[in-house]
Every structure is written in structure tokens, then in C-alpha cells.
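1. sequence and predicted structure, then a few things I'm wondering about:
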Amino acid sequence: MSGVNPWRGEVALVIDGERHVARLTLGALAELEESLAEPSLVALVERFEGNRFTSRDVLTLLAAGLRGGRAPVSAAQLAQGEIEGGPMVAARVAAELLARAFTEPG
């Protein structure tokens, strides 16, 4: 698999030993607002910046990012899978997905 493209907002995530590319599309961002019950994307970003996120937030963000990256991983597979690096890496990747959706790399 080729490397991730930060200009497209892509982030790599290894699940059960297989590397996947995740990215948040506009549709995924709209889905996140609804599923995480946030009034805006800014509120969601602030929640992550303030370290007030939950494991559900992380899983929901990663699942949306994997769908946006067209990875063949369902939300159920993600929840049951082993993420390389554990929960800390999962949280970092989720936060990075959000950051890359709203900033230019560099």
C-alpha cells in the first residue's frame, strides 16, 4: 500500500496487523456531528483539544475515517480488532484525523 497523503487529510491505522488509510470526507464529518451529538464540528474539535473525549468518540471517529478512506473495515470489526499501539495510538490517530480535516499539512 502506498503512503498516506496528508494533503488529502489521510492518516494510517494498523488494525489486526493490516495497514489502512483513513480520512474524513465531508459526509463523514456530517455523520460525526449527528452520531456524537455535537452542535458543530468546532465543538467536537474542542472536545478533543481539551482531552474530554471518550472511547466511543475515538471509535466513531476512526470508523468514519476508515469509511472515508474506503478501508474494508466495519465499525464492528474496528471495535473487536487490535489496533497497533493500543488505545493511546487510536486516540492520537482520531485526533490527527480531525486536525488534518481542518488544516493544511506543513
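-> It's in.

2. who's in contact with the longest helix seen in the chain?
-> Looking only at the chain and at elements set by DSSP state H, the helix with the highest residue count is helix 86-102. Outside of helix 86-102, the residues within contact range by C-beta atoms under 8 Å, 6 or more residues apart in numbering are 6, 9-13, 22-24, 29, 41, 44-45, 48, 53, 55, 57-59, 61-62, 65, 83. C-beta: built from backbone N, CA, C; applies to glycine.

3. and the closest residue to residue 94 other than its chain neighbours, its phi and psi?
-> Across the structure, with C-beta to C-beta, 6 or more residues apart in numbering as the measure, the residue nearest residue 94 apart from its sequence neighbours is residue 61 (4.1 Å). Backbone dihedrals for residue 61, given as degrees, to the nearest 10, come out at phi -60, psi -50.

4. model confidence for residue 61, exactly?
-> At residue 61, the predicted lDDT confidence score is 92.

5. with residue 2 instead?
-> At residue 2, the model reports a pLDDT of 60.

6. and if you look at the one 10 residues further on?
-> In this prediction, residue 12 carries a pLDDT score of 95.

7. just to be sure, it is in a strand?
-> Yes: following the definition DSSP: H, G, I helix; E, B strand; the rest coil, residue 12 is counted among the residues of a strand.

8. enumerate the beta-bridge partners assigned to it.
-> Here residue 12 shows beta-bridge partners residue 21, assigned using DSSP bridges.

9. what number of residues lie near it?
-> Counted with other C-beta atoms under 10 Å, the burial measure for residue 12 works out to 15 neighbours.

10. surely it meets residue 4?
-> Yes: checked against C-beta atoms under 8 Å, the pair residue 12 and residue 4 is within contact range at 5.0 Å.

11. quick check: closest non-adjacent residue to the residue nearest the centre of the chain.
-> By C-alpha atoms, centre = their mean, the chain has its centre lying nearest to residue 62, at 3.3 Å. When the adjacent residues along the chain are set aside, residue 62 lies closest to residue 94, with 5.5 Å between them (C-beta to C-beta, 6+ apart).
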